[in-house]
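Engineer: no sequence for this one, just the structure:
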Ligand SMILES: [Zn+2]
């Protein structure tokens, strides 16, 4: 399942040194104002006041922005405190901008991705980046994939669990999967917004996040597996955050559905769990027992660290939580760094110099 040739020679000290975070968010300050000029109706103005960073939209809406989203020194200090030696960051989900006009969005994503590369070049031993795509225009998204594939700073791409209500099995996205596979770039799928229907029933108790996000991931994973995308693009690797939401825990139900329901068999000739061989999951479950279950379900070679930095639903102790499982050295090193190496674009973690 995993390509772990180096596992047998990974030493204890290397395991102790190399902890790669594949799920963290950023808003690169230098890109924000140029993006807002392109998309004034969708992009907020970001300013720092006595109360900290604030985003203000042209509608008058505003929200505070965590210091760590935009301040690189704050981010580096947090990584040090977490025990994370290398971070592969993605944009914050409000920077997907899938509701923006396609042409402006394509230009804005290119600006953002270029700013990501610039930041990685400034800290090559600390960061790599996941590019964002203008998924509302799949042809433009595929073109951006091919453009960023030439950038050594880019380790993969990140997309939402849906694009303005379209599930990821929509045929229009096939050109994106094709470009990703040909470029050997993996895709990290992150919940963006729960559907409007579900939103009405999830507006208390932070349910939009606690239930909505794992539900979104389950819809995305199911849509990808049951539509046969992994079979059509066998070189394409998908990553899912928050431990894959509800999907890994329910895989037995999905396989049973494939056994008894023709709808589930319509596009795949193997049970859905077979396609998990192309899936990776982060370890962000906030439960030792849940994480242990995930590792046993999907294999530790398919689990990498994710902090969700800088959000409060993330973890400040990713390494301590991993060590608390008391895994054998091989499994520990898989989650610490080897799964990230296997998931991300080959060579894109060279700056981390972790398993050399
Ligand atoms: Zn996240």
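Structural biologist: Yep, that arrived. Quick caveat: nothing in here was measured; it's all calculated off a predicted structure.
Engineer: Pull up the gap between the closest residue to residue 170 other than its chain neighbours and residue 220, please.
Structural biologist: In space, and not counting its chain neighbours, residue 170 is closest to residue 163: 7.6 Å by Cβ to Cβ, 6 or more residues apart in numbering. For the C-beta atoms, the positions are set from N, CA and C on the backbone; glycine is no exception. Distance, residue 163 to residue 220, by Cβ to Cβ, to the nearest Å: 11 Å.
Engineer: same thing with residue 172?
Structural biologist: 16 Å.
Engineer: Which of these two has more residues huddled nearby?
Structural biologist: Shown here are residue 172 and residue 220; by other Cβ atoms under 10 Å, residue 220 has more neighbours (26 against 14).
Engineer: The more buried one against residue 189, yeah?
Structural biologist: Yes: the criterion here is Cβ atoms under 8 Å, and residue 220 meets it with residue 189 at 5.1 Å.
Engineer: Pull up the overlap in contacts between the two.
Structural biologist: Both residue 220 and residue 189 are contacted by 161, 168, 240, under the criterion Cβ atoms under 8 Å, 6 or more residues apart in numbering.
Engineer: So which of the residues you listed are in strands?
Structural biologist: residue 240 (DSSP state E).
Engineer: From the shared contacts of residue 220 and residue 189, pick the one nearest residue 23.
Structural biologist: Of all the shared contacts of residue 220 and residue 189, residue 240 has the smallest distance to residue 23: 9.5 Å, by Cβ to Cβ.
Engineer: Residue 81 versus that closest one, what's the distance?
Structural biologist: 26 Å.
Engineer: how close does residue 77 sit to residue 310?
Structural biologist: Taking Cβ to Cβ, one finds residue 77 at 11 Å from residue 310.
Engineer: out of these two, which sits in the busier spot?
Structural biologist: residue 310 (22 against 12).
Engineer: Surely the more buried one touches residue 64?
Structural biologist: No: Residue 310 is not in contact with residue 64 according to Cβ under 8 Å; the separation is 11.6 Å.
Engineer: which neighbours do the two share?
Structural biologist: Residues touching both residue 310 and residue 64 by Cβ under 8 Å, 6+ apart: none at all.
Engineer: ok, and what's touching the lengthiest helix in the chain?
Structural biologist: The single longest helix within the chain, with elements called by DSSP state H, is helix 102-122. For helix 102-122, contacts defined as Cβ under 8 Å, 6+ apart pick out 26, 28, 30-31, 34-35, 38-39, 43, 72, 89, 91, 95, 97-98, 100, 127-129, 131-134, 136-137, 140, 143-144, 147-148, 151, 153-154, 351.
Engineer: Buried subset of those residues, written for ChimeraX?
Structural biologist: Of the contacts of helix 102-122, the buried ones go into a single ChimeraX selection, burial set by 16 or more other Cβ atoms under 10 Å:
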select :26,28,31,35,38,39,43,72,89,91,95,97,98,100,127,128,129,131,132,133,134,136,137,140,143,144,147,148,151,153,154,351
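Engineer: re the thing from before, counting neighbours around each, name which of residue 240 and residue 81 comes out higher.
Structural biologist: The neighbour comparison of residue 240 against residue 81 (other Cβ under 10 Å) goes to residue 240, with 27 against 10.
Engineer: and the host helix or strand of residue 69, average pLDDT?
Structural biologist: Using DSSP states H and E, residue 69 sits in helix 67-70. Taken as a whole, helix 67-70 has a mean pLDDT of 95.
Engineer: Now the next helix or strand after it: buried residues?
Structural biologist: Sequence order places helix 72-82 as the next helix or strand after helix 67-70, per DSSP H and E. Judged by neighbour count using 16+ other Cβ under 10 Å, the buried positions of helix 72-82 are 72, 75-76, 78-79, 82.
Engineer: what's helix 72-82 in contact with?
Structural biologist: Residues lying outside helix 72-82 but in contact with it, judged by Cβ under 8 Å, 6+ apart, are 21, 26, 67-68, 85, 87, 119, 123, 126, 307, 309-310, 315-319.
Engineer: go again using 10 Å as the cut-off
Structural biologist: Here helix 72-82 makes contact (Cβ atoms under 10 Å, 6 or more residues apart in numbering) with 19, 21, 24, 26, 28-29, 66-69, 71, 84-87, 89, 119, 122-123, 126-127, 305, 307, 309-310, 314-320.
Engineer: Are any of the residues you listed buried, and if so which?
Structural biologist: If we count by 16+ other Cβ under 10 Å, the contacts of helix 72-82 have these buried: 19, 21, 24, 26, 28-29, 66, 68-69, 71, 84-87, 89, 119, 126-127, 305, 307, 309-310, 314-315, 318-319.
Engineer: Having no further points to raise, I will conclude here.
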